[in-house]
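>>> With the sequence up front, the predicted model follows.
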Amino acid sequence: MNYPIWVRYGRDAREMAADLLAAAQVERRIPAGASVAIKPNLVVPGPASLGAVTHPELVEGALRYLIDCGVTDITIMEGSWVGASTRQAFRDCGYDELARRYDVRLLDLKGDETVQVTVDGETIWVCRSALEAGYLINMPVIKGHCQTRMTCALKNLKGCIPDREKRRFHALGLQRPIALLAAALRPSVTLADGLCGDLEFEEGGNPVAMDRAALCFDPVRLDSWVCALLGFSPEDVPYISMAEALGAGSTYFEPADIVPLNEPPSLPQASPSRRIEELARHIDARQACSACYGSLLHALSRMREAGTLPRVTGSIRVGQGYRGQQLRGIGIGRCAAGCERRLPGCPPTARAIREFLEDAFRDS
């Protein structure tokens, strides 16, 4: 099935979640009387502004949508990473208060019964409540990861296995185990939080404002798009193609499959962390939207990792303040199309930006 990827830009997370679920007509897919489980990413306790955890406002938007559609049996479930307390994460991330306000259950999957599942000759243990949910809504964060390069739909399901299995996944190198889990536990829909995911680390600290959320019924396809969004090539993240080979979804997508519900907002609010400030020195942004600006930061970060980012690049122009101007140098995005060397797109992905800039610097 060639599922589209709906994208909603903005900063009103509640409205964004509801708009995406409505655009995809999710209410038509939920069986009558089914229990609905929402699986956010609450890897560690802390505010979503640090770029590690799913914004509670995004989950609140989903809750409002579901309740308005007549859903009465809703559980928010999660199992934080090894060594972290899920209950503390529920509290510190704002989910205790959210559950009280909407009268929904919170379930710490670390205490859940587990079920043995065999996939492609391999056995893994999965939390029963996640497997038996009538309709599972996966709500990951779009962000980088120090071991798997990126994390979103597929890796977020790791919160649905017990801690002993998380340890084993790491011992096995993460890639194939994540793919096996994707085949064993298939979310009904994935609604990804791309508001301000961390630039590189799963636990947060280097957030980049990208002001978007995305929805797709195919988690493999969504992860393939996120891979490009963050500046990676498919071979950089092996578990995505492994999951496809196991029948968990399709990696294929083309521009026509991306369905934006609105235009990106302007004026990014990037974190002032030293790591991001160093990358921002290469950029001359004028009224840049966060979608373009964030993609450019991710591209520069990938180039730095690969050793292809020159010490001095000159100014890379991006933003609505360059509309209609004819300028020398490099321009990123539709608004800077008057630059001598330019990459169109609204917004272009970080992977496209990275490839364009590496060619430009190689030729200069």
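Looks like it came in fine. For clarity, every value in this text was computed on a predicted model and none was experimentally measured.
>>> Average pLDDT for the helix or strand harbouring Arg362, rounded please.
Per DSSP states H and E: Arg362 is located in helix 350-363. Mean pLDDT, helix 350-363: 90.
>>> can you check stretch 193-209 too?
Across stretch 193-209, pLDDT averages out at 86.
>>> Buried by neighbour count: which residues of it qualify?
Neighbour-count burial for stretch 193-209 flags 193-204, 206-209 (criterion: 16 or more other CB atoms under 10 Å). Quick note: C-beta positions are derived from backbone N, CA and C, even for glycine.
>>> any idea which of those is closest to Cys289?
Ala209 (9.9 Å; CB to CB).
>>> The closest one contacts Cys196, correct?
Yes. Using CB atoms under 8 Å, Ala209 is in contact with Cys196, at 5.0 Å.
>>> Check for me that Tyr59 belongs to a strand.
Not quite, residue 59 is Val, not Tyr. No. With DSSP: H, G, I helix; E, B strand; the rest coil as the criterion, Val59 is assigned helix and is not in a strand.
>>> what separates it from Ala192, distance-wise?
12 Å (CB to CB, to the nearest Å).
>>> Comparing those two, which shows the higher neighbour count?
Ala192 (32 against 27; other CB atoms under 10 Å).
>>> Report the spatially nearest residue to Phe201, omitting neighbours in sequence.
Cys146 (5.6 Å; CB to CB, 6 or more residues apart in numbering).
>>> Return the helix or strand in the chain with minimum mean pLDDT.
helix 274-280 (a mean of 75; mean pLDDT, DSSP states H and E).
>>> Now that helix: buried residues?
The neighbour-count check on helix 274-280 (16+ other CB under 10 Å) flags 275-276, 279-280 as buried.
>>> now stretch 99-113
99, 104, 106-107, 109-110, 112.
>>> That one - what's its average pLDDT?
Mean predicted confidence for stretch 99-113 is 97.
>>> The longest helix seen in the chain: what's the following helix or strand?
Using DSSP state H, we find that the single longest helix of the chain is helix 290-306. Proceeding N to C from helix 290-306, the next assigned helix or strand is strand 316-318, under DSSP H and E.
>>> I would like the residues contacting that following strand, please.
282-286, 288, 292-293, 296, 327, 329-333, 335-336, 339, 357 (CB atoms under 8 Å, 6 or more residues apart in numbering).
>>> what about burial for those residues, which qualify?
Buried among the contacts of strand 316-318 by 16+ other CB under 10 Å: 282-285, 288, 292-293, 296, 329-333, 335-336, 339, 357.
>>> Can you show me the strands along the stretch 51-200 of the chain?
74-78, 105-108, 114-119, 122-127, 135-139, 143-145, 149-151, 189-194 (DSSP state E, counting those that start in this stretch).
>>> want to try CSV for those strands, with distance to Ser85 as columns?
Shown next, in CSV, are these (distance: least, CB to CB, whole Å):
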stretch, distance to Ser85
strand 74-78, 11
strand 105-108, 9
strand 114-119, 19
strand 122-127, 17
strand 135-139, 20
strand 143-145, 21
strand 149-151, 20
strand 189-194, 21
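>>> just checking, which of those sits deepest inside the structure?
strand 189-194 (a mean of 28; mean count of other CB atoms under 10 Å).
>>> Mind giving me the packing neighbours of it?
helix 13-23, helix 56-68, strand 135-139, strand 212-216, helix 219-229 (3 or more CB pairs under 8 Å, 6 or more residues apart in numbering; DSSP states H and E).
>>> if we go to 6 Å?
Where contact means 3 or more CB pairs under 6 Å, 6 or more residues apart in numbering; DSSP states H and E, strand 189-194 is packed against strand 135-139, strand 212-216.
>>> Throw these into TSV and include distance to Val26, thanks.
Compiled in TSV, the helices and strands packed on strand 189-194 are given as follows (distance: least, CB to CB, whole Å):
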stretch	distance to Val26
strand 135-139	8
strand 212-216	8
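>>> okay, the ones you listed in CSV with mean pLDDT next?
Formatted as CSV, these follow (pLDDT from 0 to 100):
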stretch, mean pLDDT
strand 135-139, 98
strand 212-216, 97
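>>> sorry, back to before: relative to Ala352, which of the strands of the stretch 51-200 of the chain is closest?
Here strand 149-151 is closest among the strands of the stretch 51-200 of the chain (CB to CB), at 15.8 Å.
>>> Would you give the sheet partners of that closest one, along with the direction of each?
Applying DSSP bridges, strand 149-151 is found paired with strand 143-145 (antiparallel).
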